[in-house]
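Asks: sequence unknown, structure follows:
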């Protein structure tokens, strides 16, 4: 559902148990969690549909590569994704993830990671086994790893399907509705004031538009990234999302191994132009066969709209080298933007029964549903127990 101010007959005068500002995956996760508890829920968004970071990503649910708080949220989110996909009717595959090692120090990081996690979470691969799973060029891989617990969705489909499912089960959506203020019990919007027992503000990087002092105190900035969708003539399809050595120095589970520091130094020394892009070289293949290629990272209070063609050229050249093909045609290019901060998660209470929630790193799809479950559980600890499936929740 999009383009309207909510379901037929809905008015701002209705009272809700929970009002959510923001329709990205974090906001939708709060709606799912509240619906499961039988609560009356409204979602407010200034756009006419889901258009932010939740549709501009790889669709890779990188559960295994997280650690600490992020891993706890990711593991919880994994079960929620597996439940939601058949209920909401969107594509999801239990694909796992393949990591290709192109040098011995990358293989060393993977081996240390395997020793820390155990064989059930991480299986090392020979070069031939990497080639069986992923069509990398001959001689590229010195080895690799398979992370069987990771999942994949189509980012252009999943969030919108969740919106339709929530709408069908009684959640009210107020699209094209700007929020101008939030306080305990009320969300003030361009269409009037919405009343609710609790309010969750899940606006990703736009925290500073409603709570500038809070954003400054937590160091929230915007992270822009360059990505593209391509058609590539590969030897065979990707069986899973593909990570590289650049990913090993980014995701916390790998990056905190003893040898990851030396790998980071080697990559920066040998490829300063790529290190300057803050590269995460990775790939996913959508159900239609197109390949999502990315990505670069640049941070600031604002993200300039001007994308560097040199950065896109670098991404394409890396793909040509990795897959051993010049037959790559760009379909689309886009700029993603998400929140970034020193901590991975922001959960703040600027007023009683008001929570400001954001995943302040690029793992919103991986952790957002789990984070939302914990926040709703804390807000409504006295509410009825969680239902076995979200579909069992009341619709009216």
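Replies: Cool, got the structure. Worth saying up front: this structure is predicted, and the values here are computed from it rather than measured. Residues are numbered from 1 along each chain as shown.

Asks: ranges for the helices of the stretch 51-200 of the chain?
Replies: Using DSSP state H, counting those that start in this stretch, the helices of the stretch 51-200 of the chain run over residues 69-88, 104-117, 127-133, 155-168.

Asks: Let me have these in TSV, adding mean pLDDT as columns.
Replies: Conversion of the helices of the stretch 51-200 of the chain to TSV gives the following (pLDDT from 0 to 100):
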stretch	mean pLDDT
helix 69-88	97
helix 104-117	96
helix 127-133	96
helix 155-168	97
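
Asks: Which one of those helices lies nearest to residue 188?
Replies: helix 155-168 (23.0 Å; C-beta to C-beta). From N, CA and C alone the C-beta is placed, and that goes for glycine too.

Asks: How about that closest one, which residues are buried there?
Replies: Buried positions in helix 155-168, judged by neighbour count with 16 or more other C-beta atoms under 10 Å: 155, 156, 157, 158, 159, 160, 161, 162, 163, 165, 166, 167.

Asks: Residue 259 and residue 110 touch, don't they?
Replies: No: contact criterion C-beta atoms under 8 Å: residue 259 and residue 110 do not qualify, at 9.7 Å.

Asks: Show me which of these two is the more surrounded one.
Replies: More crowded of residue 259 and residue 110, by other C-beta atoms under 10 Å: residue 110, with 25 against 18.

Asks: If we ignore the residues flanking it in sequence, what's nearest that one?
Replies: residue 145 (4.5 Å; C-beta to C-beta, 6 or more residues apart in numbering).

Asks: what does residue 175 give?
Replies: Nearest non-adjacent residue to residue 175, counting by C-beta to C-beta, 6+ apart: residue 48, 5.1 Å away.

Asks: what secondary structure does the one you found sit in?
Replies: Here residue 48 is recorded as coil under DSSP: H, G, I helix; E, B strand; the rest coil.

Asks: And the pLDDT at it?
Replies: Listed pLDDT for residue 48 reads 95.

Asks: With the one 4 residues further on instead?
Replies: With respect to pLDDT, residue 52 has a value of 93.

Asks: For it, give me its contacts.
Replies: When contacts are counted by C-beta atoms under 8 Å, 6 or more residues apart in numbering, residue 52 touches 24, 204, 337.

Asks: hmm, 10 Å instead?
Replies: Residues near residue 52 by C-beta atoms under 10 Å, 6 or more residues apart in numbering: 22-25, 27, 45, 159, 203-206, 336-338, 364.

Asks: The helices of the stretch 51-200 of the chain into CSV, with extra columns for distance to residue 358?
Replies: Below are those laid out as CSV (distance: least, C-beta to C-beta, whole Å):
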stretch, distance to residue 358
helix 69-88, 13
helix 104-117, 28
helix 127-133, 34
helix 155-168, 16
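
Asks: closest to residue 97 out of these?
Replies: helix 127-133 (10.1 Å).

Asks: Can you list the low-confidence ranges for this protein?
Replies: Along the chain, segments meeting pLDDT under 70 span 1-11, 382-396.

Asks: let's go with 50 and repeat that
Replies: 1-10, 384-396 (pLDDT under 50).

Asks: now the strands for the stretch 151-300 of the chain?
Replies: Residue ranges of the strands in the stretch 151-300 of the chain, as given by DSSP state E, counting those that start in this stretch, are 151-153, 172-174, 179-183, 186-189, 192-201, 221-232, 242-243, 282-285, 291-294, 298-300.

Asks: Surely residue 288 touches residue 237?
Replies: No: using C-beta atoms under 10 Å, residue 288 and residue 237 do not qualify as a contacting pair, with a distance of 11.0 Å.

Asks: Those two: who's more crowded?
Replies: Between residue 288 and residue 237, counted using other C-beta under 10 Å, residue 237 has the larger neighbour count: 11 against 8.
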